[in-house]
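**Q** Here is my input; please provide its structure:
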Amino acid sequence: MAKKAVCHQLLSAVLATLVLVVEMLGCSRPTGDELASRHLRRIAGDRATDCGHVGLHQSPATVNDCTLAAWKANRSFVVRYDVQGIDSELVVGLASNGNGEISSVKYDSMGWSTDGLRGEKVTEDNHILLTPCPRPTKLFASKSGYLSCY
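**A** Here you go, the predicted model:
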């Protein structure tokens, strides 16, 4: 019986080590927020103001105020919002490089269709939709409260 317990403990230790190694090697899948954040940072740059991430059912007021202030001051920024999807996880974000350009980054756990795209780009196995905002750009709050440029 003691030999069986030692084997079980050894097997548990090996599995725990294997899980740790896989995580350290980056083999785990990034979350929707991590994917969206990565693309937003590429657009805005590392020195951009991070105005925050609004979770479901949270007030976007402070985040929206930060975003609008950065936009008016021609500063680069990033902002992210969780949005209630019908059957998928959605993250919507905006990023500005501080030079008057804003892009929308949208993550959908189910993926985006590439049919009929005009100026948009789909990446990350169709989970990220990148869209430059039209110029001149105007920001407004959607019915859900998050800022948009459409």
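
**Q** Buried ones in whichever strand or helix holds Asp65, by neighbour count?
**A** Using DSSP states H and E, Asp65 maps to helix 61-72. Across helix 61-72, burial judged by 16 or more other C-beta atoms under 10 Å covers 63-64, 66-68, 70-71. All C-beta spots, glycine's among them, are computed from the backbone N, C-alpha and C.

**Q** swap in stretch 70-83?
**A** Taking 16+ other C-beta under 10 Å as the criterion, stretch 70-83 shows 70-71, 76-83 as buried.

**Q** Stretch 40-50 too?
**A** 40-41, 43-44, 48-50.

**Q** What is the nearest of the residues you listed to Leu130?
**A** Within the buried residues of stretch 40-50, proximity to Leu130 (C-beta to C-beta) peaks at Ile43, which comes in at 8.1 Å.

**Q** partner residues bridging the nearest residue to the closest one once chain neighbours are set aside?
**A** Nearest residue to Ile43 in three dimensions, chain neighbours excluded: Ala95, at 3.9 Å (C-beta to C-beta, 6 or more residues apart in numbering). Ala95 has these beta-bridge partners by DSSP bridges: Val78, Ser103.

**Q** do the same with Pro132
**A** For Pro132, the beta-bridge partners are Ser103 (DSSP bridges).

**Q** Quick check, it in contact with Gly119.
**A** Yes: in this structure Pro132 lies within contact range of Gly119 using C-beta atoms under 8 Å: 6.3 Å.

**Q** All set now, cheers.
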